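Peer 1: what's the 3D shape of this:
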Amino acid sequence: MPTPQSLLQLIWLASPALPVGGFSYSEGVEAAVEWAGIDSEARAAEWLSDQLHLSFARGDLALTAQAIEAWRASDTPRIRALNEWVMVTRESAEFFLQTEQMGRSFVEWLKLHHADTAEVFADLPATYPIAFAFAASRTGASVHDGCLAFAFGWAENMVAAAVKAVPLGQSAGQRILGRLAQEIPDAVTRAMALGDDERQAFAPLLAVLSTRHETQYSRLFRS
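Peer 2: Okay, the predicted model is just below:
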């Protein structure tokens, strides 16, 4: 069981209020409203559930589990390899911008809390999953719990984007978040079981929607 201190630190790391800019990205949700028929609570819930299991869990969530372990082992070559994987698997300019900007902002925030942050990231332009994994590795919580926090933070941001973009009411948003919260533990378990050869970032429709979002006529979000 996590200690109260480690649990509170994970809650903090997962908070949408963290000043890393996650609220400004919809990760394709806004484009899906325009071109993929996401026009109701039910369709938004299905879209985000599919994104959780088919994209997020197989890619960034699995990588984050591996990165937490690498940070704890001080395995710098492994951390660099995982960071490179994130960068080369972003399938659009918007997705690359998101992971780069959120990673940079997360590192700046971490400098306020860990004295060695500047030294650790001096020559490592960390992507968001790598920066999050560094912070999670310092909490003392298990890898599993760190992944739960990472996934729930992602879910909160995505639901907030859907509430604004569809649009949906706050109660509908909470129902969707409740569904995702029920599905996240299984997604984390499967993500943690993936090896390097099984981890993947292949979501063609999401990539197409992301590129179309770059020229979408009216936009609230940066992705």
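Peer 1: so how far is residue 144 from the nearest residue to residue 94 once chain neighbours are set aside?
Peer 2: Excluding the flanking residues, the one nearest residue 94 by CB to CB, 6 or more residues apart in numbering is residue 223, at 3.9 Å. From N, CA and C alone the C-beta is placed, and that goes for glycine too. According to CB to CB, to the nearest Å, residue 223 stands 28 Å off from residue 144.
Peer 1: measure residue 210 to residue 175 for me?
Peer 2: To residue 175, residue 210 is 26 Å away according to CB to CB.
Peer 1: When those two are compared, which one has more neighbours?
Peer 2: Counted by other CB atoms under 10 Å, residue 210 and residue 175 do not tie: residue 210 has more neighbours, with 25 against 16.
Peer 1: residues touching that one, list them.
Peer 2: 27, 28, 31, 91, 92, 94, 95, 223 (CB atoms under 8 Å, 6 or more residues apart in numbering).
Peer 1: What is the burial count for the last one?
Peer 2: Taking other CB under 10 Å as the criterion, the count of residues near residue 223 is 23.
Peer 1: Residue 215 in helix, strand or coil?
Peer 2: coil (DSSP: H, G, I helix; E, B strand; the rest coil).
Peer 1: residue closest to the middle of this protein?
Peer 2: residue 154 (4.6 Å; CA atoms, centre = their mean).
Peer 1: what about the residue nearest to that residue when sequence neighbours are not counted, neighbour count?
Peer 2: Nearest residue to residue 154, sequence neighbours excluded (CB to CB, 6+ apart): residue 56, at 6.2 Å. Residue neighbour count, defined by other CB under 10 Å, stands at 25 for residue 56.
Peer 1: do residue 25 as well
Peer 2: 22.
Peer 1: Repeat that for the one 3 residues further on.
Peer 2: For residue 28, the tally of surrounding residues (other CB under 10 Å) stands at 31.
Peer 1: same deal with the one 3 residues further on?
Peer 2: Burial of residue 31 is recorded as 26 neighbouring residues (other CB under 10 Å).
Peer 1: hmm, back to that, isn't the residue nearest to residue 94 right up against residue 32?
Peer 2: No. In this structure residue 223 lies outside contact range of residue 32 using CB atoms under 8 Å: 11.5 Å.
Peer 1: In contact with the residue nearest to residue 154, which residues?
Peer 2: Contacts of residue 56 (CB under 8 Å, 6+ apart): 151, 154, 187.
Peer 1: what's the spacing between the helix or strand hosting the first one and its chain's center?
Peer 2: Remark: residue 151 resides in helix 143-165, with elements defined by DSSP states H and E. Using CA atoms, centre = their mean, to the nearest Å, we find the averaged C-alpha position of helix 143-165 to lie 7 Å away from the chain's own average C-alpha position.
Peer 1: helices and strands around that helix, which ones?
Peer 2: helix 4-14, helix 29-35, helix 41-50, helix 62-72, helix 128-137, helix 170-192 (3 or more CB pairs under 8 Å, 6 or more residues apart in numbering; DSSP states H and E).
Peer 1: Which of those helices sits closest to residue 99?
Peer 2: helix 128-137 (4.8 Å; CB to CB).
Peer 1: other SSEs contacting that closest one?
Peer 2: helix 4-14, helix 62-72, helix 76-88, helix 93-110, helix 143-165.
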